[in-house]
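Q: Return a 3D structure for these sequence lines:
(one chain, ligands or ions: 2)
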Amino acid sequence: MDKDEFRRKLIDSKQRWAAEGRLLTGTVAKRGRDRLPPGQHVVKNWPVLDLGVQPKVEPWEWNLTIDGLVGRAVTWTLQDFLAQPQVQSTSDIHCVTAWSRYDNRWEGVAAKHVLAVVAPLPKARHLVCHSHDGYTTNLKLSDFDDDDALLAYKWDGQKLPREHGGPVRAVVPKLYFWKSAKWLKRIEFVAGDKPGFWEERGYHNDGDPWQEQRYG
Ligand SMILES: Nc1nc2c(c(=O)[nH]1)N[C@H]1C(S)=C(S)[C@@H](COP(=O)(O)O)O[C@H]1N2
Ligand SMILES: [Mo]
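A: Ligands and ions are numbered 1, 2, ... in the order given. Alright, predicted model coming up:
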């Protein structure tokens, strides 16, 4: 199977899941009380999920532009990125395909630090993450503005491997993992919402695992 065929089949089957409402249990859990969201099971390994293309972005050529409706747009090289305060944060992953992985030890730049640096304008209510493989995903600014959201450079003490989005990926633990863009290239602050790749293909706009916001 070539890459295009893989990609088409993967998109087809995930769109079918959404159309059929696969995995929905009809329960609503409570984050903080229920560690595991409804319909999820815990895995020990770390599955790789993407569109079948894992762009190779060399550390020296990687950069991240953060722009749109901000007071101060920036473009960071990896050196600039690493010169920002680095934080550690341990959190759980919840993928919409029903696996969850506990206690991921991330290290990188806190989302709150990003917001402090670029100072989004009051009318900026959403953001779009753009990746090197052409993937996009949208977030509410209020979901990104969370203590455990970060741009991750390390996982479990090691540089983030390419298949998991290295050099740098977004991590927004309170939402399904499709909201966490790998191979991050640009964060664009916008006023009106702009659905991303999966959000345009039957996946929920917000993606809260405890409310089973899988499809929508
Ligand atoms: N750039 C990019 N980011 C992406 C994806 C992708 O295809 N491209 N897939 C998303 C999906 S659907 C999931 S479940 C997670 C998977 O991350 P992992 O491969 O590190 O487990 O990445 C998300 N971020
Ligand atoms: Mo996913």
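Q: could you pull out the helices for the chain?
A: Ranges of helices within the chain are 3-20, 78-83, 111-118, 141-144, based on DSSP state H.
Q: Up against ligand 2, what does this protein have?
A: Counting by Cβ under 5 Å from the ion, the residues of the chain close to ligand 2 are 49, 95, 178. C-beta: built from backbone N, CA, C; applies to glycine.
Q: same for ligand 1: which of the residues you listed are within range?
A: Restricting those to those touching ligand 1 (Cβ under 6 Å from any ligand atom) yields 49, 95, 178.
Q: Would you mark the buried spots in stretch 84-96?
A: Neighbour-count burial for stretch 84-96, counted by 16 or more other Cβ atoms under 10 Å, picks out 84, 87, 89, 91, 92, 93, 94, 95, 96.
Q: who's in contact with the residue most central in space within the chain?
A: With distances taken as Cα atoms, centre = their mean, residue 180 lies nearest the centre of the chain, 0.6 Å away. For residue 180, the contacting residues are 137, 169, 170, 171, 172, by Cβ atoms under 8 Å, 6 or more residues apart in numbering.
Q: Ok, residue 80 next?
A: Counting by Cβ under 8 Å, 6+ apart, residue 80 makes contact with 63, 74.
Q: if I look at it, how far off is ligand 2?
A: Per Cβ to the ion, to the nearest Å, residue 80 is found 30 Å from ligand 2.
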